[in-house]
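1. Return atomic coordinates for the entry below.
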Amino acid sequence: MRIAFRADASPTQGTGHVMRCLTLAAAAIEAGHDAGLFVNDTGVAWLEEYISSSDVAVTRVEKDSLTAEPFVEWNADRLVVDSYEYSDSAIDAVQAAVPTLVLVDFGTRAAQVSWYLDSNLGAEARSPESSVWLAGSEYSLV
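-> Here you go, the predicted structure:
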């Protein structure tokens, strides 16, 4: 399976989403899948070195932009989106092309995706608005 991971980072935005995606992509590769990170030019020297040293295929995309084209061109079977910046309508458009999982951290979204995942403690107490909702620490990814 080809799994695309989409996240951004910058000196002001932070690096957590990209680090989480890199960790998940590395685990996917270890499990025998192809994994690709779709990320902006972060401007964070240590993170750029870390990205370069990983075994994950990297495609550079515009910061805070989410469109289906890069994932379709890469032939992604699944997409993992890890960002608070993309609109629900942009996520819906990507979902129409590639089955998408959106990582949330106690946030709420209205996009109609294949899956939402919030693996934080206590997340299972929230009521999902839509889609398949995987919530709580039993769904911790790594």
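2. So residue 27 is in contact with residue 142, correct?
-> Yes: distance between residue 27 and residue 142: 5.9 Å, which falls inside the contact criterion (CB atoms under 8 Å). No exception for glycine: its C-beta is placed from N, CA and C like everyone else's.
3. in this structure, which segments are predicted with low confidence?
-> Residues of the chain that meet the criterion pLDDT under 70 lie in 127-131.
4. biggest helix in it by residues?
-> Taking residue count as the measure and DSSP state H as the definition, the longest helix of the chain comes out as helix 16-30.
5. Next, the residues that contact it from outside, please.
-> Counting by CB atoms under 8 Å, 6 or more residues apart in numbering, the neighbours of helix 16-30 from elsewhere in the structure are 3, 5-9, 34-37, 39, 42, 47, 50-51, 54-56, 80, 82-83, 103, 141-142.
6. With stretch 104-118 instead?
-> Applying CB under 8 Å, 6+ apart, the set of residues contacting stretch 104-118 is 81, 84, 88-89, 91-92, 95, 99-103, 120, 123, 126, 128-136, 139, 141.
7. swap the cut-off to 7 Å and go again
-> Residues external to stretch 104-118 that are found in contact with it (CB atoms under 7 Å, 6 or more residues apart in numbering): 84, 88, 91-92, 95, 99-103, 120, 123, 128-135, 139.
8. would you say residue 59 is within a helix?
-> No: applying DSSP: H, G, I helix; E, B strand; the rest coil, one finds residue 59 to be strand, outside a helix.
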